[in-house]
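> 3D model of this:
(2 chains)
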2 protein chains.
Amino acid sequence: MLPRGRPRAMGAVVLLLLLLVVGFFLFGRDPEYGLGTTATLDEKPYGSRNRSASSSQLLLPSKCEVMLHVAIVCAGYNSSREIITLMKSLLFYRKNPLHLHLITDAIARNILETLFRTWMVPAVVVSFYDAEELKPLVSWIPNKHYSGLYGLMKLVLPSILPLSLARVIVLDTDVTFSSDIVELWALFDRFSDKQVVGLVENQSDWYLGNLWKNHRPWPALGRGFNTGVILLWLDRLQQTGWEQMWKLTAKRELHTLTATSLADQDIFNAVLKEHPNLVHPLPCVWNVQLSDHTLAERCYLEAADLKVIHWNSPKKLRVKNKHAEFFRNLHLTFLGYDGKLLRRELFGCPNQFPPGAEQLQQALAQLDEEEPCFEFRQQQLTVHRVHITFLPHQPPPPRPYDVTLVAQLSMDRASIEQLELGSRRKAALVVPAFETLHYRFSFPNSKAELLTLLDAGSLYTFRYHEWPQGHLSTDYSRWREAQAPYRVQWSADYEPYVVVPRDCPRYDPRFVGFGWNKVAHIIELDAQEYEFLVLPEAFSIHLPHAPSLDISRFRSSSTYRNCLQALKEEFHQDLSRRYGSAALKYLTALQQSRSRA
Amino acid sequence: MLPRGRPRAMGAVVLLLLLLVVGFFLFGRDPEYGLGTTATLDEKPYGSRNRSASSSQLLLPSKCEVMLHVAIVCAGYNSSREIITLMKSLLFYRKNPLHLHLITDAIARNILETLFRTWMVPAVVVSFYDAEELKPLVSWIPNKHYSGLYGLMKLVLPSILPLSLARVIVLDTDVTFSSDIVELWALFDRFSDKQVVGLVENQSDWYLGNLWKNHRPWPALGRGFNTGVILLWLDRLQQTGWEQMWKLTAKRELHTLTATSLADQDIFNAVLKEHPNLVHPLPCVWNVQLSDHTLAERCYLEAADLKVIHWNSPKKLRVKNKHAEFFRNLHLTFLGYDGKLLRRELFGCPNQFPPGAEQLQQALAQLDEEEPCFEFRQQQLTVHRVHITFLPHQPPPPRPYDVTLVAQLSMDRASIEQLELGSRRKAALVVPAFETLHYRFSFPNSKAELLTLLDAGSLYTFRYHEWPQGHLSTDYSRWREAQAPYRVQWSADYEPYVVVPRDCPRYDPRFVGFGWNKVAHIIELDAQEYEFLVLPEAFSIHLPHAPSLDISRFRSSSTYRNCLQALKEEFHQDLSRRYGSAALKYLTALQQSRSRA
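Model prediction:
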């Protein structure tokens, strides 16, 4: 874009030169297109390796080499959800390696570290910085904006980001990309030597001070600038004495203005009013602001491309706007987008996967897609993206006898009574299971009530009609009379609900769908000589629900059933290897079960 | 791109000129970006209205005015599903009005006419052309390709498309866009005066004839061209005598080659081998071919941008390829994309909605988002995209006493026995409803079997425990003994399953969620003096399923229940208006039901 203040009508020469620059910008990195792709596959793409030296300063290096740096301040549960939609939109369009610098509180770090580790997006590096360290640097500034202390932290990014980092794009968590971020990065090259910060004009009359009576905004150049999207030239900032500059300005303004209203943005604007040569104005499409009093229409009605949308009203998606539906659709596109589809490599770039992910990727690549049980094997290796504490949750401090409910679930669905485990080791406490066929059901308050319901036929023992062997060993008639825990022996197909210590054997991930997950786990417990102790007062009741997708597949697909059989046999082979002749009884039981089937 | 055959090393002058052209191409239509967007919102965007006249031939007119024309041959159920994913990808990136020219058989037309009518995407016009008319023009050509006769129709498009249509992009149904189609359209401007067809090189060695022994492909220039994506300059084609040209070539080649192997593509290639000056080679990224023996890697490893992906293997998504996962992810992005999010306007362009859709849009816009029942009112006005016969289905020819099962459903879920209606008018035939609580259930073959199950407690009358008034009037004890249909009277909350003639009152769309849809319909029938006749031998049995999303919301949300109550009252007001004092009994019943609640 033309530097601010230069007259517009400079004629064809400037126009042509600009086009020249623009042409190089975008196509320098993509010699296939624009410069003309090869007409035949055997030729080297035109200009791909021998670019004109005279214009080299304008060319971007090839896609693998340009690592784009993005810094985001993110605190709390809500922002951690927002940032994921932002990241999905950003990753959808990007074609370059990314390094994310996330300044987080403990909550956001916990969530985002897990998320990015399990997401395993190639060519994305994430560094975390502790927002606590930045608090003392900004806590002296009173701020009325809902973003609080965190909203001020963009001012002090240079003091926490690595010194080696020359340039960074700073984003608010409430922006949505609809274009490739490399186009935004390329705008750094249009900065004059003196410019240190790239910003889009604020798209409301806030800083003009005429929104309502006695509205006294912070000083700004005209409508001022919005800090939802910032190009920050870090090393130049330091050279210009940025830290001292903004602190001086802020302190002086705070003599008359009691607090910032729009956090860091007020201070950025006050500084730039004094030092207009520091700012490089960015095209308005890079921060289309959907605030309450937005004038953004003037920008986007002329634009064919909206690049970044900024939900900078406290109302967020519910903001009123003639085109709200359009913008919501864009946002919902990425809100609902399955992030696993973004686990895609950048072609021709090496070392994109984090170390663990690479191995996993190789294991997945080695699977034979034509093999009938391919889907089972793929699922065993699949690492799902995990978003912990999606809703605010503060876990209580851990205590030695806490009980955690762990369940093996099909992806399409989600109680054991809490019990004291005592100090006993190698015991699996069996919780007898019952079943009701009624949707609305008053849970019995005691064993006596339960037995009354059982005798009245309102309850059955679990899967009494369909699969009694699953709980046969529990011995319901003994349980009726039992006053103390009693030991039972393993039998074929036994799959009770159990309470086990934390260090017990894990579920076998090969049984990811329907069937044999509990059976295999109980065998493993028995093989490791866990005692099965039935709890005399505990019980669980199964409520009716629709059949899972996987049980439907089990029932309808012989391939599914054959694969499950193959997995069972593999499981038994593993068992024999590990437990030798002691595992014989399980194999015998399996063979008997096969001959029954 | 450089015209074919021009030497590559032409030096800086040509390079600079090319960049100049390229710069204008993409940024001419987007003066906001590239030429420099306004620094302040009050200025006119630089260059937006007074472009340099000397280069006007290279500029695209503003986005509203450029109608892009796309022609696609689509026949049968599978292609009709494919084309929708293609359209979602195309519409996601496009920013111009589109005119689709769909050459369809009866099946595809039926599906796609309904789909586009209900989809109501702004700034999309769809014209249908009957593929039957084209069959005689190509049926003389033997074709071994799986696309059959339809695969040859691209050759004869000029004879069916309107004469006024100068240029058109022709697409196969198995392509996926990952870029804005206007960039492809812009390539027409690079055609020399003689060029009439734009094509990407074929990305396999097929036409080199060395894939296997005795493989005799049709003649082609080198590797030949792929016809999955074609830029067709229609008026020039006609001037060059295209029709005669391709027919002569095809007839001559068919003397020695018994049939086409790759349909139209073989003939296009044979013609272009004879007339190489007719073809404008397109950059390879515009047709990245994922065929079985693809060499596409040579194209995309160099490219930053893939523009169009072509699933031109008969294996489609299951094709083997080092980067198959990457391409599948791109395709799955649009396969899973909710097409309703594409109902978004092009900013600043007038008359984008089809006539009916405009009214609907206005009605939706008039709703008050802050009103507590907003969501209910919005749902009443919502027109869902309808994809009929998603799976192949041939309806039998209609007969006068056909029975159609119509059900009011929540979106998250989906039997009445077939009966002869007889000649009786204004009768609603009641099918008594029962309920089982068992997942696996053998449906009784007769009323006698049903009664046995009922007496054994394996079956209940419908909602016996929860809501007996819903079927009270059906009078199950009378039904036990009934040999002939008997008439019953309406009572409050009566909601039997009924068989009614086609011209009966429709369901009231205000009850879109849980509750009162059947009740209101039965009231309407009663008000219109339909007789309720219970069928003595028919019955239906409700099987257990998970509660619907809407019933959960009804149970958990007082707003939901209040809104439903408000809708009931509106319904009664309408009823009083239409039926006067005759409707009094329903209101009395409602008030009694309220006092109970």
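
> what mean pLDDT does stretch A:124-141 have?
Mean pLDDT, stretch A:124-141: 95.

> I misspoke; the intended subject was stretch A:561-568.
86.

> sec struct for residue A:125, please.
Using DSSP: H, G, I helix; E, B strand; the rest coil, the structure places residue A:125 in strand.

> For chain B, see how far away it is.
With distances taken as C-beta to the nearest C-beta, to the nearest Å, residue A:125 is found 20 Å from chain B. Just so you know, the C-beta spots here come from the backbone N, C-alpha and C atoms, and that holds for glycine as well.

> and that residue, how many neighbours does it have?
Applying the criterion other C-beta atoms under 10 Å in any protein chain shown, we find 13 residues in the vicinity of residue A:125.

> for the one 5 residues further on, same thing?
Look at residue A:130: counted by other C-beta under 10 Å, it has 13 neighbours.

> who are the neighbours in contact with it?
Taking C-beta atoms under 8 Å, 6 or more residues apart in numbering or on different chains, we find residue A:130 in contact with A:103-104, A:109.

> Where helices are concerned, which of these count?
Among these, the subset assigned to helices under DSSP state H consists of residue A:109.

> Could you export the contacts of residue A:130 to TSV, including columns for distance to chain B?
Converted to TSV, the contacts of residue A:130 look like this (distance: C-beta to the nearest C-beta, whole Å):
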residue	distance to chain B
A:103	30
A:104	28
A:109	28
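
> how about the contacts of residue A:130 in JSON lines, adding distance to residue B:576?
Conversion of these to JSON lines gives the following (distance: C-beta to C-beta, whole Å):
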{"residue": "A:103", "distance to residue B:576": "63"}
{"residue": "A:104", "distance to residue B:576": "61"}
{"residue": "A:109", "distance to residue B:576": "62"}
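
> from the stretch 201-350 of chain A, which residue is nearest to chain B?
Using C-beta to the nearest C-beta, the point where the stretch 201-350 of chain A gets nearest to chain B is residue A:283, with a distance of 3.4 Å.

> Pull the contacting residues for residue A:108.
Shown here is residue A:108, whose contacts under the criterion C-beta under 8 Å, 6+ apart are A:74-76, A:79-80, A:83, A:102.

> From residue A:232, how far off is it?
21 Å (C-beta to C-beta, to the nearest Å).

> hang on, the earlier thing: nearest to chain B among the contacts of residue A:108?
Nearest to chain B, judged by C-beta to the nearest C-beta, of the contacts of residue A:108 is residue A:83 at 20.6 Å.

> distance between the ends of stretch A:305-316?
Between the opening and closing residues of stretch A:305-316 we find a distance of 22 Å, counting by C-alpha to C-alpha, to the nearest Å.

> who touches that stretch?
Taking contacts as C-beta under 8 Å, 6+ apart, the residues outside stretch A:305-316 that touch it are A:146, A:172, A:174-179, A:183-184, A:226, A:228-229, A:283, A:285-292, A:294, A:300, A:317, A:319, A:327, A:330-331, B:30, B:32-33, B:95.

> now the top helix by length along chain A: how far from the chain's centre is it?
Longest helix in chain A by number of residues (criterion: DSSP H): helix A:558-579. Computed by C-alpha atoms, centre = their mean, to the nearest Å, the separation of helix A:558-579 from the middle of its chain amounts to 34 Å.

> What is that helix packed up against?
Secondary structure elements in contact with helix A:558-579, counted by 3 or more C-beta pairs under 8 Å, 6 or more residues apart in numbering or on different chains; DSSP states H and E, are helix A:374-381, helix A:517-527, helix A:549-556, helix A:584-596.

> Take the first one, keep the C-alpha atoms, and write them as CSV.
Coordinates of the C-alpha atoms in helix A:374-381 are reproduced here as CSV (Å, rounded to 0.1, in the frame of the first residue of the first chain):
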residue,chain,number,x,y,z
PHE,A,374,-7.7,-51.9,8.1
GLU,A,375,-10.1,-49.6,9.9
PHE,A,376,-9.6,-51.4,13.2
ARG,A,377,-5.9,-51.1,13.0
GLN,A,378,-6.1,-47.5,11.9
GLN,A,379,-8.3,-46.7,14.9
GLN,A,380,-5.9,-48.3,17.3
LEU,A,381,-3.2,-46.0,16.1
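
> what's that helix packed up against?
Counting contacts by 3+ C-beta pairs under 8 Å, 6+ apart, helix A:374-381 is packed against helix A:355-366, helix A:558-579.

> May I have the next helix or strand after that helix exported as CSV, CA atoms only?
Read in the C-terminal direction, the helix or strand following helix A:374-381 is strand A:427-431, with elements assigned using DSSP states H and E. Output in CSV follows, covering the C-alpha atoms of strand A:427-431 (Å, rounded to 0.1, in the frame of the first residue of the first chain):
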residue,chain,number,x,y,z
ALA,A,427,-8.0,-56.5,43.9
ALA,A,428,-10.7,-55.7,41.5
LEU,A,429,-13.9,-54.7,43.3
VAL,A,430,-16.9,-56.0,41.3
VAL,A,431,-20.0,-53.7,41.2
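
> can you list the residues that contact strand A:427-431?
If you take C-beta under 8 Å, 6+ apart as the criterion, strand A:427-431 is touched by A:416-417, A:419, A:421, A:474, A:485, A:488, A:496-501, A:504, A:522, A:525, A:530-535, A:538-540.

> How far away from the center of its chain is it?
Averaging C-alpha positions (C-alpha atoms, centre = their mean) puts strand A:427-431 36 Å from its chain's average.

> which SSE is the residue nearest the centre of chain A in?
In chain A, the C-alpha nearest the mean C-alpha coordinate belongs to residue A:115, at 4.5 Å (C-alpha atoms, centre = their mean). Assigned by DSSP H and E, residue A:115 belongs to helix A:106-119.

> Would you mark the buried spots in that helix?
Counting neighbours by 16 or more other C-beta atoms under 10 Å in any protein chain shown, one finds that the buried residues in helix A:106-119 are A:107-109, A:111-112, A:115-116, A:119.

> same question, stretch A:486-504
A:486, A:488, A:490, A:492-500, A:504.

> try stretch A:215-231
Of the residues in stretch A:215-231, those with enough neighbours to count as buried (16+ other C-beta under 10 Å) are A:217-221, A:223-231.

> Kindly check the end-to-end length of it for me.
Counting by C-alpha to C-alpha: the opening and closing residues of stretch A:215-231 are 29 Å apart.

> Could you check how far it is from the centre of its chain?
Taking the mean of its C-alpha atoms, stretch A:215-231 sits 31 Å from the chain's own mean (C-alpha atoms, centre = their mean).

> For the closest residue to residue A:575 other than its chain neighbours, the count of nearby residues, please.
In space, and not counting its chain neighbours, residue A:575 is closest to residue A:583: 4.2 Å by C-beta to C-beta, 6 or more residues apart in numbering or on different chains. Here the number of neighbours of residue A:583 (other C-beta under 10 Å) works out to 19.

> now swap in residue A:414 and tell me
By other C-beta under 10 Å, 5 other residues sit near residue A:414.

> Give the next helix or strand downstream of the least confident helix or strand in chain A by mean pLDDT.
Between all helices and strands in chain A, the lowest mean by mean pLDDT, DSSP states H and E belongs to helix A:12-28, at a mean of 35. Next helix or strand after helix A:12-28 toward the C-terminus (DSSP H and E): strand A:68-74.

> Show me what counts as buried in the following helix or strand past that following strand.
Once the chain leaves strand A:68-74, the next helix or strand it forms, by DSSP H and E, is helix A:76-93. Across helix A:76-93, burial judged by 16+ other C-beta under 10 Å covers A:76, A:79-80, A:82-92.
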